[in-house]
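Student: Just a sequence and a predicted model for now, questions to come.
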Amino acid sequence: MDCIFCKIASGEIPSTKVYEDDTVVAFNDLEPQAPVHILIIPKMHIASADEINEGNSAVIAHIFEVAALIAKEKGLSNGCRIVNNCGNDGGQTVKHLHFHLMGGRQFGWPAG
Ligand code: 5GP
Ligand code: ZN
């Protein structure tokens, strides 16, 4: 399968990894939109959030554990934003489920 995030997870495509274990990997976004902008992904290929189900949702809980861990490590004690873009209307450009962990600045809502 030609998936860039599967290749990043396997190490075939280089990235700046900030966390890795058996099931997830986190790495710096190539085009950061905030002082801290990290992508957290499951190693298994799940295309998007609308493919989460009873059989694979444990990894999502783990991703949020890892997000809290990284946020602490990066000193984001004043808060952060965790974003998932799902599908075309959601603005998802890479079709491998990922959560953006962003921090180090104030965010607007719903955009920006
Ligand atoms: P999406 O728009 O799908 O929610 O987010 C995809 C994110 O992946 C974007 O923020 C983009 O900058 C990032 N990205 C795309 N290709 C690469 C890559 O090859 N390496 C890294 N580190 N980030 C990437
Ligand atoms: Zn993939």
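Tutor: Everything's here; your move. Ligands and ions are numbered 1, 2, ... in the order given.
Student: Looking at Ala111 now. What's its pLDDT?
Tutor: Per-residue confidence (pLDDT) for Ala111: 75.
Student: What is the burial count for the closest residue to Cys86 other than its chain neighbours?
Tutor: Spatial nearest neighbour of Cys86, chain neighbours left out: Ala49 (4.2 Å); criterion: CB to CB, 6 or more residues apart in numbering. Where C-beta positions appear, they are placed from N, C-alpha and C, glycine not excepted. Neighbourhood size, Ala49 [other CB atoms under 10 Å]: 16.
Student: again, but for the one 3 residues further on
Tutor: Around Ile52 sit 16 other residues, with neighbours defined as other CB under 10 Å.
Student: Same question for Ser57.
Tutor: Around Ser57 there are 11 residues (other CB under 10 Å).
Student: List the contacts of Ala68.
Tutor: Shown in contact with Ala68 (CB atoms under 8 Å, 6 or more residues apart in numbering): no residues.
Student: Let me see the backbone angles for it.
Tutor: For Ala68, the backbone dihedrals (degrees, to the nearest 10) come out as phi -60, psi -40.
Student: Need the pLDDT of it.
Tutor: For Ala68, the pLDDT comes out at 98.
Student: ok, now how distant is it from ligand 1?
Tutor: 20 Å (CB to the nearest ligand atom, to the nearest Å).
Student: Distance-wise, check that residue relative to ligand 2.
Tutor: Noted for Ala68: a distance of 24 Å to ligand 2, by CB to the ion, to the nearest Å.
Student: tell me what the longest strand along the chain is packed against?
Tutor: If you go by DSSP state E, the chain has its longest strand at strand 36-42. Secondary-structure packing of strand 36-42 (3 or more CB pairs under 8 Å, 6 or more residues apart in numbering; DSSP states H and E): helix 4-10, strand 24-28, helix 58-73, strand 99-103.
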